[in-house]
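Trainee: missing the sequence, but the structure's below:
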DNA sequence: CCTACCGATCGGTAGG
DNA sequence: CCTACCGATCGGTAGG
């Protein structure tokens, strides 16, 4: 009953709430998420849940952060060990496919960020802002990786990094839809085929 | 007060409800749509709104049908006059870009179907089924158009229609996100650049 | 198409 | 972390 133990337990409860919240929101959306449903799932009272966050919006933002960490751990971190440039870019793209697979289990309802982005893209407010900030961060990282590959001569010198980012985002949004809406078993293979074209190496010699 | 006039007016009211419902749902989602909000916007009572449909779900399905008609009128019908094959395929893709522009005004919150697809892709039920059916219909039409262009020798003979459909859907989902989430003024141009590669004509002569 | 109403659930608070 | 409660809103119904 020391304050230290109590704080640690509180932290664990908070994490449990966020985990469950992410699972629900990936299916029902961040707005479809309700405190009552969350409390029932966790065997807690609504006040107990809300006490950790104050308001639903704070909980939604915390869930976004938690989902962000999951994405990082599934895609960016495993690729961090690969050599920068085209090799790492391809590693990121491959982990990204795995991350979206139904069996991966990160999010039962498909990519949390695709759902959140579409849910809030026409509204204002702190959640939309947070989604935009996260997306821009990842787009920037992706563009940096592409730029490195171009500078190293691994991608054609006339590659427009932002254009490639644009096409990659579209490709993966499409992959998520093919998996979630159609359970298309060929979706991964189709993504890899498109990637082979988008990330085709520069020819060894200049003409 | 003849029954004929009454029926016509009822029809007009029904259309007004659906129009407003589509506008709300494109921003808030089909689940975020509420009868109360709809009634307030239209200056009607909740019972008056619900009387036309019976249940919220029926109204949601009717809104999906209405949005479907808007998409058809904006994309498929204008392209119907173009010669089948690559020319029509390009016309469809161009009208599709226009349809997604913010200024187009079809849907204030971006493509209704992208929103609905992501909203219901992890759930079951009649709305999800209706979204899947519509999407499959359009994918099939698109694939048919591609097949025609391949058979006419306008696209490379080794083109996989379903692969191209997959990449096109991703491209346009990405375009919708770039417009709605980032208000990216270059999004249309980027889409056209990607299209130029995806729909590059077959070389005139075989090697 | 309306008023008047139903039970259920929403986010959130008071007080412990 | 709980019980007990708040006003507001939800989808939907009865009756006209």
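Mentor: Perfect, I can see it now. All values reported here derive from a predicted model rather than from experimental measurement.

Trainee: C-alpha only now, for contacts and for neighbours.
Mentor: Fine.

Trainee: what's the spacing between the residue nearest to the spatial centre of chain A and DNA strand D?
Mentor: A centroid search over chain A (CA atoms, centre = their mean) returns residue A:71, at 4.3 Å, as the residue closest to the centre. Going from residue A:71 to DNA strand D by CA to the nearest atom of the strand, to the nearest Å gives 25 Å.

Trainee: Can you give me the pLDDT of that residue?
Mentor: Looking at residue A:71, its pLDDT is 96.

Trainee: Please identify which helix or strand holds it.
Mentor: helix A:56-71 (DSSP states H and E).

Trainee: Any buried residues in whatever helix or strand comes next after that helix, and which?
Mentor: Where DSSP H and E defines the elements, the next helix or strand beyond helix A:56-71 is helix A:77-80. Neighbour counts over helix A:77-80 (16 or more other CA atoms under 10 Å in any protein chain shown) mark residue A:79 as buried.

Trainee: immediately after helix A:77-80, which helix or strand?
Mentor: The helix or strand immediately downstream of helix A:77-80 is helix A:86-100, counting by DSSP H and E.

Trainee: who in chain A is up against chain B?
Mentor: Contact residues (CA under 8 Å from any CA of the partner chain) of chain A with chain B: A:27-29, A:108-110, A:114-115, A:117-123, A:132, A:163, A:166-167, A:169-175, A:177, A:180-182, A:190, A:194.

Trainee: Okay, buried residues for the helix holding residue A:71 please.
Mentor: A:56, A:59-68, A:70-71.

Trainee: Once you drop chain neighbours, what's closest to the residue nearest to the centre of chain A?
Mentor: residue A:99 (7.6 Å; CA to CA, 6 or more residues apart in numbering or on different chains).

Trainee: What distance do you get for that neighbour to residue B:61?
Mentor: Noted for residue A:99: a distance of 32 Å to residue B:61, by CA to CA, to the nearest Å.

Trainee: With DNA strand C in mind, check whether the lowest-mean-pLDDT helix or strand in chain A reaches it.
Mentor: Ranking every helix and strand in chain A by mean pLDDT, DSSP states H and E puts helix A:3-28 at the bottom, with a mean of 89. No. On the criterion CA under 7 Å from any atom of the strand, helix A:3-28 is out of touch with DNA strand C, staying 11.2 Å away.

Trainee: Next: stretch A:58-77.
Mentor: No. Judged by CA under 7 Å from any atom of the strand, stretch A:58-77 makes no contact with DNA strand C; its nearest approach is 7.9 Å.

Trainee: residues making contact with that stretch?
Mentor: Contacting residues not belonging to stretch A:58-77 are listed as A:18-19, A:21-22, A:30, A:53, A:92, A:95-96, A:99, A:106, A:112-113, A:127, A:130-131, A:134 [CA atoms under 8 Å, 6 or more residues apart in numbering or on different chains].

Trainee: If we use 6 Å, what do you get?
Mentor: A:18, A:22, A:53, A:92, A:95-96 (CA atoms under 6 Å, 6 or more residues apart in numbering or on different chains).

Trainee: got the buried residues for the helix or strand hosting residue A:191?
Mentor: Under the criterion of DSSP H and E, residue A:191 resides in helix A:187-198. Residues of helix A:187-198 classed as buried by neighbour count (16+ other CA under 10 Å): A:187-188, A:190-192, A:194-195.
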